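# The sequence and its predicted three-dimensional model are supplied below.
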Amino acid sequence: MKDEKIKKLLNASKNNGPIRVGFFLIPNFSMLAFASAIEPLRAANRISEKELFSWYVSSKDGNSVKASNEIIVNTDGEHNKLFECKLVFVISGIDIKEHTDVYSLNIFRKLDRHGVIIGGINTGTYLLAKSGLLNYKRCTIHWENNYGLVEEFPMIEVTNELFEIDDMIITCSGGTASIDLILYIVTIIYGNKLATEISDQMIHDRIRESTDKQRMRLRSRLGISHPKLLSAVNLMENTIEEPLSQIEISKYAKLSNRQLERLFKKYLNSTPTKYYLNLRLAKARDLIRQTSMSILSIALACGFVSSSHFSKCYKEYFNKSPREERLVNQYLISAKSA
């Protein structure tokens, strides 16, 4: 991580009173990501018996904002006071494209020009990318939105890590990873002892490193422990765009074709070919729902040689064509916004 500048700025600020942290909430934001970011700050003040941090919650118009769980959160007021903050986190959640507007993007650009450390939590990363603040930088986003960000912004280096810091920009995958991000910030300002006490207070069993991966290990996700089968599945997940043959996968896992087929049948109740295809179709559905990419572009990004073959496979698996999927998704988003 390129965090030297942030370390220097935050350490210089701690002698000037509480470090002020801003939160810019986007409609349908993730309540878990928001609570996981603000609670460690509260705990830091309580444990230290000092006001180490203060915070200011705002939105585009200064009005209350509804989270994705439909709980409404009141703000402290208009966004102008965010310019008094040292850090500002943009927190969003589902249907992010429906809440991407020029006015908000200009606010983020102005904050950056003003010298404010700006962060994107969960799909807040998408808004920072859209504003141009992530061009040629490393960032992370919730794993569910990773494919879409990679395809839409090829000039950005997207990782699967819990959080990233590149110069004056922070990005975080969201969920409980917000806790680890804030604890990292506490550590670089006030030391590991306070961060550990906060972690213990929050029943957070360990402070995860930024380099920890977001998703559960394959072993836990699939409920299997066979090392060669796990090796084969991992290879499939990492070669979606350019699928390998079953012979190549078998060779990589040091298995015969027959052995590979038996393992897939026994542990996953599928064939290697079908399982691989389903992985590619699942990625395709994410891209249809999250991006405006053409159906052909999505087909190619998921290893299909033609849109017709892709559409046929998609309809057989999801009972609707890719175009129907996109129309249904657009309708559902419009209905929520109405």
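That came through fine.

# What is the neighbour count of the nearest residue to residue 25 once chain neighbours are set aside?
Nearest non-adjacent residue to residue 25, counting by C-beta to C-beta, 6 or more residues apart in numbering: residue 65, 4.2 Å away. All C-beta spots, glycine's among them, are computed from the backbone N, C-alpha and C. Look at residue 65: counted by other C-beta atoms under 10 Å, it has 25 neighbours.

# Residue 65 contacts residue 76, correct?
No. Contact criterion C-beta atoms under 8 Å: residue 65 and residue 76 do not qualify, at 11.8 Å.

# Which positions within stretch 64-78 qualify as buried?
65, 67-68, 73, 75 (16 or more other C-beta atoms under 10 Å).

# show me the contacts for the residue nearest to residue 25.
25-27, 29, 59, 72-73, 75 (C-beta atoms under 8 Å, 6 or more residues apart in numbering).

# And residue 231, by the same measure?
252-253.

# Need the three-state assignment for it.
helix (DSSP: H, G, I helix; E, B strand; the rest coil).

# Tell me the predicted confidence for it.
pLDDT for residue 231: 95.

# That one and residue 220, how far apart?
16 Å (C-beta to C-beta, to the nearest Å).

# just residue 78 next, same as before
44 Å.

# for the stretch 1-150 of the chain, what are the low-confidence residue spans?
Low-confidence segments of the stretch 1-150 of the chain, defined by pLDDT under 70: 1.

# ok, now with 90
1-17, 94-95, 97-99, 147-148 (pLDDT under 90).

# Just the local confidence number for the closest residue to residue 254 other than its chain neighbours, please.
Excluding its sequence neighbours, the residue lying closest to residue 254 (C-beta to C-beta, 6+ apart) is residue 228, at 6.4 Å. Turning to residue 228, the model gives it a pLDDT of 95.

# For residue 228, give me its contacts.
Residues near residue 228 by C-beta under 8 Å, 6+ apart: 253-255, 263.

# try 10 Å
Each residue near residue 228 by C-beta atoms under 10 Å, 6 or more residues apart in numbering is listed here: 250, 252-255, 259-260, 263.

# now do residue 319
Residues near residue 319 by C-beta under 10 Å, 6+ apart: residue 325.

# With residue 9 instead?
19, 86-87, 115-117, 168.

# let's see it at 8 Å
With the criterion set at C-beta under 8 Å, 6+ apart, residue 9 makes contact with 86, 117.

# and it, what are its phi and psi?
The phi/psi pair for residue 9 (degrees, to the nearest 10) reads phi -60, psi -50.

# how deep is residue 284 tucked in, by neighbour count?
Residue 284, neighbours per other C-beta under 10 Å, totals 27.

# can you start the count at 850 instead of 1 from here on
Understood, numbering begins at 850; the last thing we discussed is residue 1133.

# Could I get the full set of strands for the chain?
Assignment of strands within the chain using DSSP state E yields the ranges 868-874, 902-907, 914-915, 921-922, 936-940, 966-970, 987-989, 1006-1008, 1012-1015, 1018-1021.

# Distance from the chain centre to the longest one, please.
On the basis of C-alpha atoms, centre = their mean, to the nearest Å, strand 868-874 is displaced by 19 Å from the centre of the chain it belongs to.

# List the contacts of it.
Counting by C-beta under 8 Å, 6+ apart, 859, 862, 883, 886-887, 890, 901-909, 914, 916, 922, 924, 928, 930-931, 933-941, 953, 956-957, 965, 1038 sit against strand 868-874.
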